[in-house]
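Trainee: What follows is a predicted protein model with its sequence.
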Amino acid sequence: MSLPELEAGVEPAIEMPPGPSWVENLCELVCSLALVGMIVLIGAEAIVRNVYNSSLQITDEVGGYLLVAVTFLSLSVSQAHGTYHHVELVQARLSPKARLRSQLLFDFMSLVTCGILTWQLARMNLNSWRSEDFAPTPLGTPLWLPQLVMPIGMALLCLALSRTIVFKIGRLRTVGNRLDGASAR
């Protein structure tokens, strides 16, 4: 939406979440550090391969673990910043109150889905821990360690979705009161 539309008081098609909290800021910092770690690791692997004609033997494994960490820990950051794709074709044609209601319905369905995924990922992680699964690699990483970031990331997404839902319920009350006051005149 352009700046003149916002200044003119036109409601945005998608309500933005309340913004990142300290949790999302911490996740963003961890993701940034993981990306830097991947860059350093891949650079070191390239140098070792080209200069010493050898390999670190751990780059693929650790890089994969870091990629999973970035993927799951960035979910709540994306939700807090409102950077997920939205289909605004229908949203733009709804009244502000109907728009908020449809967004709340979608956010609630997303929260339920993410809650189920969190539960299943936690079960998978617990199963790996109980069965003492190890990666068949030179590092021999206990698989529950890299898998732990998956239910944590999903749980943090659930927290961010909950914050968004609470924010939108408050906005729905504000929009409802504003519209009720306008119709009473």
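Mentor: That came through, no problem. Residues are numbered from 1 along each chain as shown.
Trainee: what's the neighbour count on the closest residue in space to Thr141 that isn't next to it in sequence?
Mentor: Leaving aside its chain neighbours, Thr141 sits nearest to Ala135 (4.5 Å; criterion: C-beta to C-beta, 6 or more residues apart in numbering). No exception for glycine: its C-beta is placed from N, CA and C like everyone else's. Ala135: 15 surrounding residues under other C-beta atoms under 10 Å.
Trainee: check contacts around Ala135.
Mentor: Glu61, Thr141, Pro142, Leu143 (C-beta atoms under 8 Å, 6 or more residues apart in numbering).
Trainee: Tell me which two of those residues sit farthest apart.
Mentor: Across the contacts of Ala135, no pair lies farther apart than Glu61 and Pro142, at 12.6 Å, counting by C-beta to C-beta.
Trainee: one step back: find me the pLDDT at the residue nearest to Thr141, would you?
Mentor: Reported pLDDT at Ala135 in the predicted model: 92.
Trainee: Same question for Val68.
Mentor: 97.
Trainee: coming back round to it: any idea how far the residue nearest to Thr141 lies from Leu145?
Mentor: Computed as C-beta to C-beta, to the nearest Å, the Ala135 to Leu145 distance reads 9 Å.
Trainee: doesn't Thr83 fall inside a helix?
Mentor: No - with DSSP: H, G, I helix; E, B strand; the rest coil as the criterion, Thr83 is assigned coil and is not in a helix.
Trainee: What separation is there between it and Leu29?
Mentor: 17 Å.
Trainee: what do you get for Leu172?
Mentor: As judged by C-beta to C-beta, Leu172 and Leu29 stand 33 Å apart.
Trainee: Looking at these two, which one has more neighbours?
Mentor: More neighbours surround Leu172 than the other of Leu172 and Leu29, with 18 against 12 (other C-beta under 10 Å).
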